[in-house]
Each structure stands twice: as C-alpha cells, then as structure tokens.
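Q: Got a predicted model here, sequence first, then my questions.
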Amino acid sequence: MTADADKHAAALAATAEVRPGMLVGLGTGSTAAHAIMALGERVRAGLRITAVATSRATEMLAGAHGITVLPFDDVPGVDLTIDGVDQIDPCRRAIKGGGGAMLREKIVAAASTRMIAIADGSKRVGQLDRAIPVEILPFARAFVLRRLAELGASATLRIARSDQDNLLADAAFGPIADPAGLAVALSAIPGLLGHGLFLHEIDHACFALDGTVFWDDRP
C-alpha cells in the first residue's frame with residue numbers, strides 16, 4: 001500500500017463519524033483532501049451537512065464536491081473537524097501547517113466540539129521533531145526571525161504567503177523536548193501570528209498503515 005492509499009483509508013474511517021446535520025470543519029492539505037472527497041461522496045448519496053473551510057483551496061475543493069461551505073466568520077462553533085497532521089506523538093500533540101493554513105486550522109479546531117486527526121502511519125512518532133510552520137506579520141519579519149533564532153530555531157521563509165497575505169516560515173528546532181514550553185515561547189513573540197504546534201486541539205487520531213486502520217483514543 002502507498003502512503004496516499006493509507007491517507008485515503010484513514011479519511012474514510014474518520015468521515016464515517018460525520019452524522020446528518022453536523023457542521024464539519026474541513027482541514028487543508030493532501031490528507032484532508034481525501035476526507036473532503038469522501039464526504040462529497042456521502043453528500044451526493046444524500047447526507048445533509050454543512051461545512052467550514054480552513055483555506056481557500058479547501059473551500060474550492062469542497063464546493064467542487066457538492067459540500068455547502070459557510071463563511072466561518074458567521075459560525076460560533078463547529079461540531080467536528082477532520083484534518084491531517086504533519087507529525088503526531090502518542091499524546092496526540094501534533095505539528096501542522098505544511099499547507100500554510102495553520103492559523104485558520106487552529107481557530108477552526110478551537111471552535112470544534114471534537115477534532116479527529118487523520119494520517120498515514122508514518123506520521124506517528126515518539127517525539128516531535130519536524131520544522132514548525134509559523135505565520136508572520138510582514139511588518140515584523142526581521143524581528144520575528146531574530147526572536148526565533150534566539151529560541152534556537154533555524155527559520156526558512158517560504159515564497160508563498162498565507163491566505164491572509166502574511167509571511168510563512170518553517171522554524172526547525174530539532175527534537176522538541178518541551179512542546180508546551182515552546183508553544184508558550186512562540187505565542188509570546190509579537191508579530192508571530194500563529195504556529196503549527198497543536199497540543200490540546202486533537203481529541204482522536206485515526207491512522208492507516210499498509211491498509212490497516214487503527215485509532216488512538218477512538219471516538
């Protein structure tokens with residue numbers, strides 16, 4: 001089985017948790033795209049749901065698959081969010097934002113009653129160590145990069161900007177011994193608008209490895 005096939009299998013298992021009438025948060029990225037397509041099939045078969053999207057790309061994909069997408073600024077809460085992760089540990093602490101939408105993803109996740117993370121089995125690790133995506137106010141670029149360096153990060157700016165037209169960077173810290181402490185330090189930097197450490201948002205994680213689906217704290 002390929003990693004893409006495993007993403008699809010995990011997405012199918014997670015989207016089975018969606019019930020009629022739910023307002024569903026739709027994540028961003030290649031794994032979340034499998035969930036959107038799976039939900040689209042259920043919608044075409046008669047499932048009645050609404051959704052909010054964490055990026056313009058997700059909104060376009062959902063609309064193309066017949067899913068009604070509401071503007072999030074009119075939505076006070078979400079029933080269930082399904083999103084991919086770049087890396088996740090056994091405590092369901094994750095790094096997200098490879099697709100550059102971590103700020104919107106975190107807001108939608110925080111507004112959700114439940115969040116399910118989906119991934120192929122390779123994304124489950126004993127310790128987080130991937131570079132952390134961050135969103136930076138352009139006005140504060142040099143200052144934020146300096147503060148990241150002082151925290152021990154090697155930060156690389158991306159060419160692409162976020163949907164909010166802010167700068168995106170990947171801050172590599174190596175193995176992260178204290179994710180909670182690092183999250184606090186990142187959040188304290190003025191001009192750093194969001195980061196990809198998701199430490200409390202994920203309620204359940206669904207993985208697939210070589211075609212076998214397994215859950216971490218099944219709903």
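A: That came in fine, so what should we check first?
Q: in this structure, which spans are strands?
A: Secondary structure of the chain (DSSP state E): strands located at 23-26, 50-53, 68-69, 78-84, 87-88, 94-95, 112-120, 132-136, 154-157, 167-172, 192-195, 197-198, 204-209, 212-216.
Q: Where does the record place the domain boundaries for this protein?
A: Structural domains of the chain, as assigned by automatic domain parsing, span the residue ranges 3-125+199-216, 132-195.
Q: Deepest-packed of the ones you listed, please.
A: Neighbour counts averaged per stretch over those are highest for domain 3-125+199-216, at a mean of 20; criterion: mean count of other C-beta atoms under 10 Å. Backbone N, C-alpha and C define where each C-beta goes, glycine included.
Q: Quick one: end-to-end length of that one, please.
A: By C-alpha to C-alpha, to the nearest Å, the extent of domain 3-125+199-216 from end to end equals 19 Å.
Q: Looking at the strands of the chain, which is nearest to residue 103?
A: strand 192-195 (3.4 Å; C-beta to C-beta).
Q: circling back: adding mean pLDDT, write the domains of the chain out as TSV.
A: Written out in TSV, the entries for these read as follows (pLDDT from 0 to 100):
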stretch	mean pLDDT
domain 3-125+199-216	95
domain 132-195	98
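Q: quick one, longest helix in the protein?
A: Ranked by residue count under DSSP state H, the longest helix found in the chain is helix 30-44.
Q: Now do that one against strand 78-84, angle only.
A: Using axes from the mean of the first three to the mean of the last three C-alpha atoms, to 10 degrees, one finds that helix 30-44 and strand 78-84 are set 130 degrees apart in direction.
Q: From the rest of the structure, what touches helix 30-44?
A: Applying C-beta atoms under 8 Å, 6 or more residues apart in numbering, the set of residues contacting helix 30-44 from outside is 4, 7-8, 10-12, 14-15, 18, 24, 26-27, 47, 49, 51, 54, 58, 61-62, 64-67, 82-85, 99, 118-120.
Q: export it as PDB, just CAs?
A: Backbone C-alpha positions of helix 30-44 (Å, rounded to 0.1, in the frame of the first residue of the first chain) are rendered in PDB as follows:
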ATOM      1  CA  SER A  30      -3.300  16.300   0.800                       C
ATOM      2  CA  THR A  31      -4.700  14.100   3.600                       C
ATOM      3  CA  ALA A  32      -7.600  16.400   4.400                       C
ATOM      4  CA  ALA A  33      -8.400  16.400   0.600                       C
ATOM      5  CA  HIS A  34      -9.200  12.700   0.900                       C
ATOM      6  CA  ALA A  35     -11.700  13.400   3.700                       C
ATOM      7  CA  ILE A  36     -13.300  16.100   1.600                       C
ATOM      8  CA  MET A  37     -13.700  13.800  -1.300                       C
ATOM      9  CA  ALA A  38     -15.100  11.000   0.900                       C
ATOM     10  CA  LEU A  39     -17.600  13.400   2.400                       C
ATOM     11  CA  GLY A  40     -18.500  14.600  -1.100                       C
ATOM     12  CA  GLU A  41     -19.500  11.000  -2.000                       C
ATOM     13  CA  ARG A  42     -21.700  10.800   1.100                       C
ATOM     14  CA  VAL A  43     -23.300  14.100   0.300                       C
ATOM     15  CA  ARG A  44     -24.100  13.000  -3.200                       C
END
